[in-house]
Each structure stands twice: as C-alpha cells, then as structure tokens.
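S.K.: got a sequence here, can you model it:
(chains A and B)
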Amino acid sequence: MTGTSAFEVRGLRFSYPGAARPALEDVRLSIQPGALYAVIGPNGSGKSTLLKLLLGALKPETGDVLYSGRPVEEWSRRSLAQRIGVVPQGEETAFPVTVREMVEMGRYPHLGILGRPSVDDVRAIDDAMQHCDVDGLKDRPISRLSGGERQRALIARALAQEPTTLVLDEPTVSLDIRHEMEIFELLAELTSTHGKTVVLVTHHLNLAARYADRLLLLDAGRPIAEGTPSEVLTRETIERVYQWSVAVGAHPGPGRDAGAPQVTPLAGEETRE
Amino acid sequence: MRALNVARLVGLSAAVALTAVISIAFGAADLPLRDVVAALAGGGDETTRTIVINLRLPRAALAFLVGGALALAGAVYQALLRNPLAEPFLLGVSGGAAIGAVTAVILGLNLIATWSLPLASFLGALLAIALVLYIASRTGQGLDTRVLLLTGVVVGTFFNAVILLLLSFAPAETFRSAVFWMMGSLAAADWPAVVVLATYLAPAVIALLFMARPLNLLAMGEETALYLGTQVERVKLAAYVIASLLVAAAVAVSGVIGFVGLVIPHAIRLVWGSNHQFLLPASLLAGGAFLLLADTVARTAAAPAELPVGVITALIGVPLFVVLLIRRAV
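M.R.: Numbers count the residues shown, from 1 in each chain, chains lettered A, B, ... in the order given. From the prediction side, this is the model:
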C-alpha cells in the first residue's frame, strides 16, 4: 500500500437512535486513489449508511473515517465539496429547476456565496453536461426527465464540481441496459483515464464484478468479505448472505471482462439442490 | 442569462415606480399624473405637494416595504421548508403579533400612544418566533424543518385560540378594532413609520439576498445541500430567524395582510423559474408593486370608506394567479 488512501475507515460502528442493533459494526476499509470501489449487500445491510459516514453526513459512534488522511469531520464542508462529488439516491425538488440550473449548482463549492462564474466555471459546466449527454436537455425542468436522464443530470452536477472523488448511491437503479452500461462505462473512464476515485453502492453484482477493482460485501451491518471480485463473489458467500441458491461462472469475454465472476440466481427445482 | 435577469429586475423596478405614481395619483382627491410628478420633484402648488409628500408618498412607501418583505419572507420559507404552501404567517408569527395587538387594545394602550400598538404586536411576534424556535430545537439535534413546520402551526393555532378567548370577554368596540387589525391595513402610514421600518428591513433583506445560493441548494434537499458545501444547520437557522423578523415588522405596522407572501413567489417561479438569485429580489419588487396596487384599490374602490387591504390582495390576486397557472400549465 503506497501513499495516502482516498478513504480510510477503522473500527467503525454506528447505530441509529432507538435501533435494536448497530447499523454498522467492525467496518474497516481502505480505498486507494484512482480505484473503482463497489459496496454490495442485501437491502438494509448498511450500504447507504456507510456512504453517509464516509461523507460526514453521519457521525460514527466509534472509529475513524479519514478522507485523504485527515478526519472527515475536520474538513470544512466547502473544501470537501470541492473534492468529492456525490450522486445521492432519491433526490427530489419541490420547485421547478432546469437541468442547466441544477448542474450549475455543482460549481457553488468553487464560487462561494457571491463569486461570479468565471470562464473556467462555465467550461466545467458545459464539459460535464456534454460528458453525460444532457446538454440537449438543458432547459428541461428536472421534474420532467425520465429516470435515466435524471441520473445523468445528477452525475453531470457531480462532475461539474471537478471532484477528485465521486460517491454514488445506486446510480443505475431503474435504468435500462444501455443507460446502465453507459454509466458504468463513464465511471470506468473516470477512474482509468482521469484518475478519479469512484465509490458506489450497487445491487448489480455482475456489473460490479466486471467494473470494480475491489468490492465490500456487507450483511446486517457487518463486513462479510472485502477484496477483488473473484475473492468476494464466491458461491458459498453469496448463498449465505443473500439466502438464495446461485451459480457462479466466469464471464466468457471477449475483452477485459473475461474471467470476471458472474452470478446467476437459480430458479425453480434447481434451488432445492 | 445573468444579463437577462438584470434586465428583468430593472423592468420590475420600473413597474414599482409606475405603480407608485399611479397609487399616489388616486385617492380622496384624484390628482393629475403631471401634478403628482411635479410634486414628487419638489414643484407644483402647495396643497398638492402636501397631499403627495405628507400623506400618499409615505403610504405608498409603506405598502411597498410591507409587500416586498412579505413576498421575500414567503419565498425564503418555501425554500427552507421545501413546501410550496408555506407563507409568512404559517409559523405562528401572526398569532404572536395578534396577541400583542389585542392585549394592547384591551388594555387601552393604543389610546395612550399610537406607537404602542405596533410595538406590542412586534413584541408578540418576537415571542412567537422564540417559542417556536425553542420547542423545535429541543426535539433532537439540529433544526428539523418538519418539526419546525408543525411547531409553528401548533403555536399559531394556540395563540389564535387565546385571542378568541380574550375577545369573547371584550366589549364590541374592542372586538371590532381587533378584527380590523387582523384584516390588515396601511392606514397608519406616516414618515416615522416608514423610516423605522426601512432602517429595520434593510439589513435583513441584504442578509437574505446573500443566502440565495445556499437556499437554491436547500430547496434540493438537506443532504444535497450538505454535499455541495452548505453549512446546513447554520443556513436553516439564519433563514428562519431573519425571514421571521421581516414578517414580525411587517405585521406590526400593517396587521395580517395575506396572500402576497404565498402567491407572489409562485407567480415569479411560474414565469421565470426557481433560481433564488433572481427569485428573491424579484419577489421583493413584485410583492411591493402588488401591495401598492391592492392598497390603491382598497383606498379608492368604496371611497370615502376604506376596504381592508388583506381582502383586496386575495380578491385581485386569486384571479390573476389562476390565469397565470392555467396559461403556464397548457
């Protein structure tokens, strides 16, 4: 392990007020700069909670969360927002806001309260919108976007921040194959070509296996496995965590995906085997 | 986009000036527009100048300040609570102010000194703001805007019950003046009131205009606002307190003038969008112009009797807004 991790988590424990068991316990991880890191696990396993702790939106009961070697609570919110772009889940606005206006908000951390957008700010906004293919939608109110357009607009806002780190909570939920693949391709390009660090929560085990450098599998708030896709996605582990019979094969290729583990849930009589 | 917005604000300012001149021209004695302009410039005959400068100009100025403050506060409340139905009197400020005003009327303080009524209602409004904030901030860490909303509504309802209780024991004349106060009026306008209110409003308005970007983010949700660099708790607290202080001052000088604070921000949103960098100054100007217009109607429609301006705002405003809503929706 060389240099400072993007995120470093040690001995993390967190409980929601009044909950019977901790939402997260014994979590430790280290995310290297430039990595694509995926957090997977069943519903309610603590994935989104982990992201909120990484981002300093929740405070751990015990343990440390470091971003770039410094405790996350010591960063000012504005400096963090200049470095980390976030695509949250289920964001809704009560008022009419256009796609362009929303992407412009990605520049606020650089502009402050009153700063006027410079040529560079405008370029960052234009580039982000082109990158996510939403420049044709710029005057559309976000309430009138399809699910895929909406996700792309949210990612464009995060890219307009020109962050070094991108954190996404289920970015491809409710998207069709093409839009889903486009987003994973975009994330892969951001890590490999632009050297950004990407952390995402996803339910797509097979896409996570093909695109992520490392995976963290959570179950009931505890880390079950952490490592490369082939280390984490074994039949025994998945069947135990998800309580369902699966077959694990290898991606046939061609290309860099060849050999990546691919999980197929079994149906009908096969499940009794 | 920026140039376009500046042009729109200049246009709105021109509309305010025009509305003010028209408002000054109409009254118990209708004045020709030419004489009004001459008097405003310091010329014309003595009588016209006295009417314009000492009577109608302060009233127009007060109408502008109150309307602008209410519309601005409404826009801020809507973003803060992320609720399109939020309006300046939703969080109990008017209830507190009414308690103060009614107490002053029952004790007969308003007969001793005219300024005691606005002062008493201002103190009542401050009491309501402090009480709502105290209750809402005790329910957990930080200020939960859903709790704030519920607390405000409940405190307001309680105050209204107290007022009705007080009034049920009051003589008929007290009852009548209290009800008229609650319907809103700008009849108490004079230069001292305008100067005090303007001096008080200026810093609050500037502070809120500075919060345009944080409010844009807050309207997208608190989590998003946090991730885009906002100190969410600080912004929420400042937005609530400053907007409420605006409302407290407005309600103290003019009673409860409804509708302006709810609908003016929505009208601006429907036509020009929700960017608070434009929405806030535009609401201020449009709210001011709208109340100027409503007050002119209130003064002249049934002259020499004066109609309650809070009734007129709704009578003119609702049809206008419905037209706007239908035309934008298609």
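S.K.: contacts and neighbour counts: CA atoms only from here.
M.R.: Will do.
S.K.: residue 12: which element?
M.R.: Chain wasn't specified; assuming chain A. strand A:7-14 (DSSP states H and E).
S.K.: chain B, not that one
M.R.: Going by DSSP H and E, B:L12 is part of helix B:2-25.
S.K.: check which element follows that helix along the chain.
M.R.: That would be, after helix B:2-25 and using DSSP H and E, helix B:33-40.
S.K.: for the helix or strand that comes right after that following helix, which helices and strands make contact with it?
M.R.: Reading on from helix B:33-40 to the C-terminus, the next helix or strand found by DSSP H and E is helix B:46-50. If contacts are counted by 3 or more C-alpha pairs under 8 Å, 6 or more residues apart in numbering or on different chains; DSSP states H and E, helix B:46-50 sits against helix B:33-40.
S.K.: mind listing what's buried along the helix it packs on?
M.R.: B:D35, B:V36, B:V37, B:A39, B:L40 (16 or more other C-alpha atoms under 10 Å in any protein chain shown).
S.K.: contacts for that helix, please.
M.R.: The contact list for helix B:33-40, computed with C-alpha atoms under 8 Å, 6 or more residues apart in numbering or on different chains, reads B:V21, B:I22, B:I24, B:A25, B:G44, B:D45, B:T48, B:R49, B:V52, B:I53.
S.K.: what's next to stretch A:36-45, contact-wise?
M.R.: Residues outside stretch A:36-45 that contact it (C-alpha under 8 Å, 6+ apart) are A:23, A:31, A:47, A:187-188, A:191, A:197-203, A:205, A:208, A:211-222, A:241-242.
S.K.: can you point out the buried residues in it?
M.R.: Within stretch A:36-45, the residues scored as buried using 16+ other C-alpha under 10 Å are A:L36, A:Y37, A:A38, A:V39, A:I40, A:G41, A:P42, A:S45.
S.K.: cool, stretch B:43-50 as well?
M.R.: Buried residues in stretch B:43-50 (16+ other C-alpha under 10 Å): B:T48, B:R49.
S.K.: let me see the mean pLDDT of the helix or strand containing A:T264.
M.R.: In the assignment (DSSP H and E), A:T264 maps to strand A:261-265. Averaging pLDDT along strand A:261-265 gives 93.
S.K.: packing partners of it?
M.R.: helix A:205-211, strand A:246-250.
S.K.: adjacent strands (with direction) for it?
M.R.: strand A:246-250 (antiparallel) (DSSP bridges).
S.K.: can you give me the buried ones in the strand it pairs with?
M.R.: Buried-residue list, strand A:246-250, by 16+ other C-alpha under 10 Å: A:V246, A:V248.
S.K.: for chain B, which residues are neighbours of chain A?
M.R.: B:82-84, B:210-214, B:216-217, B:219-221, B:223-224, B:226-231, B:269, B:273-275 (C-alpha under 8 Å from any C-alpha of the partner chain).
S.K.: report how many residues lie close to the residue of the stretch 51-200 of chain B found nearest chain A.
M.R.: Per C-alpha to the nearest C-alpha, B:R82 is where the stretch 51-200 of chain B lies closest to chain A, at 5.9 Å. Using other C-alpha atoms under 10 Å in any protein chain shown, B:R82 has 22 neighbouring residues.
S.K.: can you pull the contacts of it?
M.R.: A:T93, A:A94, B:L218, B:A219, B:G221.
S.K.: give me the residue from chain B nearest chain A.
M.R.: Closest point on chain B to chain A, by C-alpha to the nearest C-alpha, is B:G229, at 4.0 Å.
S.K.: would you agree that residue is in contact with A:R83?
M.R.: No: B:G229 lies out of contact with A:R83 (C-alpha atoms under 8 Å); the separation is 10.3 Å.
S.K.: between the two, which is the more surrounded one?
M.R.: B:G229 (23 against 16).
S.K.: can you say which helix or strand has that one in it?
M.R.: Going by DSSP H and E, B:G229 is not part of any helix or strand.
S.K.: repeat for the one 4 residues further on
M.R.: Under the criterion of DSSP H and E, B:E233 resides in helix B:232-254.
S.K.: burial count for the residue of the stretch 101-250 of chain A found nearest chain B?
M.R.: Nearest residue of the stretch 101-250 of chain A to chain B: A:P109, at 5.6 Å (C-alpha to the nearest C-alpha). Using other C-alpha under 10 Å, A:P109 has 20 neighbouring residues.
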